[in-house]
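>>> Sequence first, predicted coordinates after that:
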Amino acid sequence: MERDDIIEYSLDAGHSEEQGRVIRKKILFVTILLSVITSVEVLLGVFWMDWMPNAWHWVKWVFIVLTMVKAAYIVMTFMHLGDERRNVRSMILIPYVLFLMYIAFILIWEATYIHEVLKVFL
Amino acid sequence: MSGEASKNISNAVLWGGGRSPLSASYGKLMIWFFLVSDALTFSGLLAAYGFARHSLGPGMEWPIGEIVFSSFPGLSGTYPLMYVALMTFILIISSVTMVLAVEAGHRMDKKGVVKWLFLTVIGGVFFLSSQAFEWAHFIHGSHARVTLADGRTAYLVDHLDHSKEIDPATFAMTIGSTHSEEVVRGPEAYKLYQSAISVVSGANMTENEYGPTSYANFFFFITGFHGFHVTTGVVLNIIVLTMVIKGVFQRRGHYEMVEKAGLYWHFVDLVWVFVFTFFYLV
């Protein structure tokens, strides 16, 4: 059977030793960054009450922003979405973000009704 | 060309060939579409979790992650979030070894792919075992919740061991929450315990000692669903690893299958990043 994905794939298939070194350097950088962010998150999670007992609101948003940064690095570098063509990137990200905004919208807009239904299980 | 067009379309409005507009193979696009739909499933679950958490009535408290998850296997005492932090770290490192396997595949370096893919599988298995420990500990419980006769809530200071009888002399309970300053000790505390309305130890689908029922239900469902994804990922990685060792991809001329399995594996890591934040930290 003839495989039709081989020719197309070969457009962006391999890379040389030289390019490999550059890519590995980038992977190392992202690894260190992700480890540092995770450590900061855990330390903040354990000690925030001792350090700044009244700042929960801020601590929470720091967690959420750091998580977004981690997610962006995983998707763009590890999953190579940053190296794909812009068409592919938009095709993946735009529908996802639109649906996500819809979930948030419907949860807030219909909050009272959903709460009436969910109340039984809380 | 398959079939004949009934109407001529000028070449000016057709894609003129040359470089593909997406420059990605069929298989890679399809795994991406699958991941988008799967990401939406997890987004929905986490959104529902946040909703349940914010719609609690007055007087009900959502459990705090660093208090519920504070044990470390093989050690006694409390190590808040330390084990789950280790799990998170292991999963991130296994994601790194996966991306290194993909990179080795791009250089057609079979030995490198085998090495990194094998380490990825090890990381996945370690993560799964850790999750089994977390679940076992969560289900078994640590400080049983006691509803006293006067309606107040108390928590046992020591672990409730069903195989041994309680010694009233060393018995102690905290009133209100597990980290409360108000402590009752000795026979007096034991008398309160015996006249209690209910004692909840550990967690199941209908009640748990940590907080609202939905807390344990969401914990079981979301981490369980994620664990199921990790299991699938480990199985996929083992299959791909076997194929790499047999030289299937070397003969095919490219290691795209490693890249596709890798996309799935990174996604599992990505989901855990969010589960970790919203279940354990926030």
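It's in.
>>> Next up, phi/psi of B:Ala172, please.
phi -150, psi 150 (degrees, to the nearest 10).
>>> Kindly report the same for B:Ile175.
According to degrees, to the nearest 10, B:Ile175 has phi -100, psi 130.
>>> thought it was touching B:Glu181?
No. Counting by CB atoms under 8 Å, B:Ile175 does not reach B:Glu181; the two are 9.1 Å apart. Where you see a C-beta, it was placed from the backbone N, CA and C, and this is true even at glycine.
>>> When the two are compared, which one has more neighbours?
Higher neighbour count among B:Ile175 and B:Glu181: B:Ile175, with 17 against 8, using other CB atoms under 10 Å in any protein chain shown.
>>> What residues does the more buried one make contact with?
B:152-154, B:182-184 (CB atoms under 8 Å, 6 or more residues apart in numbering or on different chains).
>>> give the contact list for the residue nearest the centre of chain A.
In chain A, the centroid-proximal residue (CA atoms, centre = their mean) is A:Ala71; its distance is 2.0 Å. By CB under 8 Å, 6+ apart, the contact list for A:Ala71 reads B:270, B:273-274.
>>> Most neighbours out of these, which is it?
That'd be B:Val273 among the contacts of A:Ala71, by other CB under 10 Å, with 24 neighbours.
>>> how far away is it from B:Phe225?
Distance, B:Val273 to B:Phe225, using CB to CB, to the nearest Å: 15 Å.
>>> do B:Asp167 as well
42 Å.
>>> between the two, which one's more packed in?
B:Phe225 (15 against 9).
>>> doesn't B:Leu45 make contact with that one?
Yes. Contact criterion CB under 8 Å: B:Phe225 and B:Leu45 qualify, at 7.0 Å.
>>> just to revisit the earlier point, secondary structure and distance to chain A added to the contacts of A:Ala71, as a markdown table?
Formatted as a markdown table, these follow (DSSP: H, G, I helix; E, B strand; the rest coil; distance: CB to the nearest CB, whole Å):
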| residue | secondary structure | distance to chain A |
| --- | --- | --- |
| B:Leu270 | helix | 5 |
| B:Val273 | helix | 5 |
| B:Phe274 | helix | 6 |
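>>> centroid residue for chain B?
B:Thr223 (4.1 Å).
>>> A helix includes it, no?
Yes. Secondary structure of B:Thr223 (DSSP: H, G, I helix; E, B strand; the rest coil): part of a helix.
>>> looking at it, it is touching B:Phe274, isn't it?
No. Using CB under 8 Å, B:Thr223 is not in contact with B:Phe274; the gap is 11.8 Å.
>>> Contacts for the helix-or-strand element of chain B with minimal mean pLDDT next, please.
The weakest-scoring helix or strand in chain B, judged by mean pLDDT, DSSP states H and E, is helix B:65-68 (a mean of 81). Residues outside helix B:65-68 that contact it (CB under 8 Å, 6+ apart) are A:45-46, B:80-81, B:138, B:178-179, B:210, B:279-282.
>>> of the residues you listed, closest to A:Ala111?
B:Val282 (19.2 Å; CB to CB).
>>> Could you pull out the buried residues of stretch B:53-66?
B:53, B:55, B:63-66 (16 or more other CB atoms under 10 Å in any protein chain shown).
>>> Over to stretch A:44-57?
Of the residues in stretch A:44-57, A:44-46, A:48 count as buried by neighbour count, 16+ other CB under 10 Å.
>>> among these, which are within reach of chain B?
With the criterion set as CB under 8 Å from any CB of the partner chain, the members of the buried residues of stretch A:44-57 near chain B are A:44-46.
>>> can I get those in CSV with secondary structure?
Output for those, formatted as CSV (three-state DSSP):
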residue, secondary structure
A:Leu44, helix
A:Gly45, helix
A:Val46, helix
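>>> can you tell me the helix or strand for residue 87?
The chain I'm using is chain A. helix A:86-109 (DSSP states H and E).
>>> wait, chain B
Using DSSP H and E, B:Met87 maps to helix B:82-106.
>>> quick one: the helices in chain B?
Per DSSP state H, chain B has helices spanning B:26-54, B:65-68, B:82-106, B:110-140, B:186-194, B:213-246, B:248-252, B:256-275. These are given in chain order.
>>> closest one to A:Ala104 among those helices?
Closest among the helices of chain B, once you apply CB to CB, is helix B:26-54, at 7.0 Å.
>>> does chain A sit close to that closest one?
Yes. Part of helix B:26-54 sits near chain A under the criterion CB under 8 Å from any CB, namely B:26-27, B:29, B:32, B:36, B:39-40, B:43-44, B:47, B:51-52.
>>> So for that helix, what gets flagged as buried?
Buried, per 16+ other CB under 10 Å, within helix B:26-54: B:28, B:31-32, B:35-36, B:38-40, B:42-43, B:45-49, B:51-53.
>>> So what's the gap between it and the chain middle?
Distance of helix B:26-54 from its chain centroid, counting by CA atoms, centre = their mean, to the nearest Å, is 14 Å.
>>> which strands and helices sit next to it?
helix A:86-109, helix A:111-118, helix B:213-246, helix B:256-275 (3 or more CB pairs under 8 Å, 6 or more residues apart in numbering or on different chains; DSSP states H and E).
>>> Nice, that's everything, thank you.
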